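Peer 1: A predicted structure for the sequence below; I have some questions about it.
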Amino acid sequence: MESTLIAGIAMAEALQNRLPGLENMWLWVTFLGDPKNLFIFFFPAAYYASRRLGISVLWITFITEWLNLIFKWFLFGHRPFWWVHESGYSSQTPIQVHQFPSSCSPSGHCMVTGAALWPIMTAISSQVASRSHSPWVRAIPSLAYCTFLLAVGLSRVFLLAHFPHQVLAGLISGAALGWLMAPRVPMERELSFYGLTALALMLGASLTYWTLFTLGLDLSWSVNLAFKWCERPEWVRLDSRPFASLSRDSGAALGLGIALHSPCYAQIRRAHLGNGQKIACFMLAMGLLVILEWLGHPPQISLFYIFNFLKYTLWPCLVLALVPWVVHTFSAQEAPPVRSS
């Protein structure tokens, strides 16, 4: 194992020393691969392209992120968020062994993003295959998917967030989960199903956490190390704490059920939105997201968890129901009446 860790450090040093001046690019790549952005950007974009596709992306995202959290707990790890700002990364600082996370596996960026983007990749591949007989053209979506995930993985190593073997574990498990889950995503089940799913996610993770804690395992060790080693403690974000992703996942599960059973969704469920209306929906959703982000969050950790849960409960309701209903309603009002001959 020690040789694997030393090889990982050597790879990070090689990326930093042989590719100078690319810090901003790697930060941008790792930002695009952040599981949080699957909820915020990829989910609404996919939903306004295809209703089934959007629901699949959201479902796979919060289930896979929950599984990633549990895997890390059982493997004695959590998100290594303290070394980059992402947390104060500097290519001029020599890498020390203690700077690398020792067991944060698999990489959440690779695992969650790989799983959630799988249905998008397969949907695009299907569309391309129906329009082209060239095997090279048909391979473009798969190559783009693999290239993007590889870039995300390299960015995590470059930023000292993961060892290469942790990235590889995330890539393999993410693709496998995406392949397994995409055909089995539940569509428009009863509201109790989504409520019980949210409750199961919350209770399952809480029970796991407290069981391991009772056994003497400190699952919050990374938080203590963050405040100890980070040059500026304010860089340690609240949304990187252990239960932040859990509150996001359980909130999204409940919000998905509420959205699918809302009066607004019932009115626009069978409505056909044109391309212009879909673009308007996406822009309006992003505008509402800016407002939600502008509100900030409470500094107290317990209140933050509650706020995060409510925020991600509201988000599917806005994307699936309220925003399309508003756009469809106003578009219908603005349409000129059809004259009978």
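Peer 2: Sure thing, it's come through.
Peer 1: what mean pLDDT would you report for stretch 272-285?
Peer 2: Confidence for stretch 272-285, expressed as mean pLDDT, is 93.
Peer 1: For that stretch, which outside residues touch it?
Peer 2: With contact meaning Cβ atoms under 8 Å, 6 or more residues apart in numbering, stretch 272-285 is reached by 44-45, 48-49, 318-319, 323-324, 326-328, 331. To be clear about C-beta, it is placed using only N, CA and C from the backbone, and glycine gets the same treatment.
Peer 1: Buried subset of those, written for ChimeraX?
Peer 2: With 16 or more other Cβ atoms under 10 Å as the criterion, this ChimeraX line picks the buried residues out of the contacts of stretch 272-285:
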select :44,45,48,318,319,323,324,326,327,328
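Peer 1: and which of the contacts of stretch 272-285 is nearest His109?
Peer 2: Nearest to His109 out of these is Ala45 (Cβ to Cβ; 18.5 Å).
Peer 1: what mean pLDDT would you report for the host helix or strand of that closest one?
Peer 2: Using DSSP states H and E, the element containing Ala45 is helix 43-49. Per-residue pLDDT over helix 43-49 has a mean of 96.
Peer 1: which other helices and strands contact that helix?
Peer 2: If you count contacts as 3 or more Cβ pairs under 8 Å, 6 or more residues apart in numbering; DSSP states H and E, helix 43-49 packs onto helix 51-74, helix 275-294.
Peer 1: in this structure, which helix or strand is least confident?
Peer 2: Using mean pLDDT, DSSP states H and E, helix 221-229 stands out as the lowest-scoring helix or strand of the chain, at a mean of 59.
Peer 1: ok, back up a step: deepest-packed of the helices and strands packed on helix 43-49, please.
Peer 2: helix 51-74 (a mean of 22; mean count of other Cβ atoms under 10 Å).
Peer 1: rewinding a little: not counting its own residues, what contacts the helix holding Ala45?
Peer 2: Helix 43-49 has contacts (Cβ under 8 Å, 6+ apart) with 53-58, 61, 119-120, 273, 278-279, 281-282, 285-286, 319-320.
Peer 1: distance of Leu246 from Trp66?
Peer 2: 7 Å (Cβ to Cβ, to the nearest Å).
Peer 1: Need the overlap of contacts for these two.
Peer 2: Shared contacts of Leu246 and Trp66, counting by Cβ under 8 Å, 6+ apart, come down to 201, 205.
Peer 1: List the contacts of Thr329.
Peer 2: Contacts of Thr329 (Cβ under 8 Å, 6+ apart): none.
Peer 1: wait, I meant Leu260
Peer 2: Applying Cβ under 8 Å, 6+ apart, one finds that Leu260 lies in contact with 188, 191, 194, 320.
Peer 1: Export those to CSV and append columns for pLDDT.
Peer 2: As requested, the contacts of Leu260 are exported to CSV (pLDDT from 0 to 100):
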residue, pLDDT
Glu188, 85
Leu191, 95
Tyr194, 97
Leu320, 96
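Peer 1: Counting neighbours, which of the residues you listed comes out on top?
Peer 2: Using other Cβ atoms under 10 Å as the neighbour test, the contacts of Leu260 are led by Leu320, with 28 neighbours.
Peer 1: What is the neighbour count of the nearest residue to that one once chain neighbours are set aside?
Peer 2: Leaving aside its sequence neighbours, Leu320 sits nearest to Ala259 (Cβ to Cβ, 6 or more residues apart in numbering; 3.9 Å). The burial count assigned to Ala259 is 23, neighbours taken as other Cβ under 10 Å.
Peer 1: Repeat that for the one 10 residues further on.
Peer 2: Burial of Arg269, expressed as a neighbour count using other Cβ under 10 Å, amounts to 13.
Peer 1: What values do phi and psi take at it?
Peer 2: Phi and psi for Arg269, reported as degrees, to the nearest 10, are phi -60, psi -40.
Peer 1: Figure out the helix or strand that the residue lying closest to Ala253 once chain neighbours are set aside lives in.
Peer 2: Of all residues not flanking Ala253 in the chain, Ala198 sits nearest, at 4.1 Å (Cβ to Cβ, 6+ apart). Taking DSSP H and E as the criterion, Ala198 maps to helix 191-214.
Peer 1: what residue ranges in the stretch 51-200 of the chain score low on pLDDT?
Peer 2: Along the stretch 51-200 of the chain, the model assigns pLDDT under 70 to residues 76-105.
Peer 1: Who are the contact partners of Trp118?
Peer 2: Contacts of Trp118 (Cβ under 8 Å, 6+ apart): 60, 145, 174-175, 177-179, 182.
Peer 1: 10 Å - rerun?
Peer 2: Counting by Cβ atoms under 10 Å, 6 or more residues apart in numbering, Trp118 makes contact with 56-57, 60, 64, 145, 174-182.
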